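[1] one predicted model, sequence on top.
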Amino acid sequence: MHAIKFKVWDAPNGEWLLPDETHTSADILRVAEAFPLDLTAVQFTGITAKNKKDEYVDLYEGDIIETFKLMDNFQGEIVWHENDCCWAIKTHFWFHKDDREYPGGVSLHNVGGCGGVRGHLKIIGNVFENKDLVPPEGAGKNL
């Protein structure tokens, strides 16, 4: 069983509020609930992934990842998949027809289960600090 941890994005100040020796995840969640327009809480997935320095770090909701060493490499956002009750990678994809590209929609890939991409993830940013990495709805960024 993994630890239930949260961190909070403080949009007005452009920084993360993180649990530490004096403030637990529960403490920072209470702060986020008090200021819902300015602060956004994100949950730890229970999974680690490589960062840009190839160090393993905690993977959180809202992180933007890219896969590596897979047949079809892609990038996407870590989201909670309500229907399957699991963490997933939300990707936008394109399809080709008549020598043109068309937005194909959104696909969800299981992060942790059998056949998942766990162990082949690299965190390249997050939806709060790296808006340029988040494709608009209907757009795609297959690698």
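    In hand now; what should we look at? No experiment lies behind these values; they were computed from the predicted model shown. Numbering: from 1, shown residues only.
[2] shaky segments in this protein?
    1, 69-72, 92-106, 112-118, 135-143 (pLDDT under 70).
[3] what about the helices in it?
    25-34 (DSSP state H).
[4] all strands for it, in order.
    Along the chain, the segments classed as strands by DSSP state E run 6-10, 15-17, 39-50, 56-60, 63-67, 75-81, 86-97, 100-110, 121-126.
[5] His66 against Ile124, yeah?
    Actually, residue 66 is Glu. It isn't His. Yes: the criterion here is CB atoms under 8 Å, and Glu66 meets it with Ile124 at 5.5 Å. In this view, the C-beta of every residue, glycine as well, is placed from N, C-alpha and C.
[6] more neighbours, those two?
    Neighbour totals were compared for Glu66 and Ile124, and Glu66 leads with 19 against 16 (other CB atoms under 10 Å).
[7] what's opposite the more buried one in the beta bridge?
    On the basis of DSSP bridges, Glu66 is bridged to Gln75, Lys122.
[8] now for it: which residues touch it?
    Asn73, Phe74, Gln75, Leu121, Lys122, Ile124, Leu143 (CB atoms under 8 Å, 6 or more residues apart in numbering).
[9] buried subset of those residues?
    Among the contacts of Glu66, the ones that count as buried by 16 or more other CB atoms under 10 Å are Phe74, Gln75, Leu121, Lys122, Ile124.
[10] gap between the first one and Asp20?
    What that stands for is Phe74. Distance check for Phe74 against Asp20: by CB to CB, to the nearest Å, it reads 34 Å.
[11] repeat that for the last one.
    Taking CB to CB as the criterion, Ile124 is separated from Asp20 by 26 Å.
[12] same deal with the fourth one?
    When distances are taken as CB to CB, Lys122 and Asp20 turn out to be 26 Å apart.
[13] hmm, back to that, farthest-apart pair in the contacts of Glu66, please.
    Leu121 and Leu143 (13.0 Å; CB to CB).
[14] which neighbours do those two have in common?
    Glu66, Thr67.
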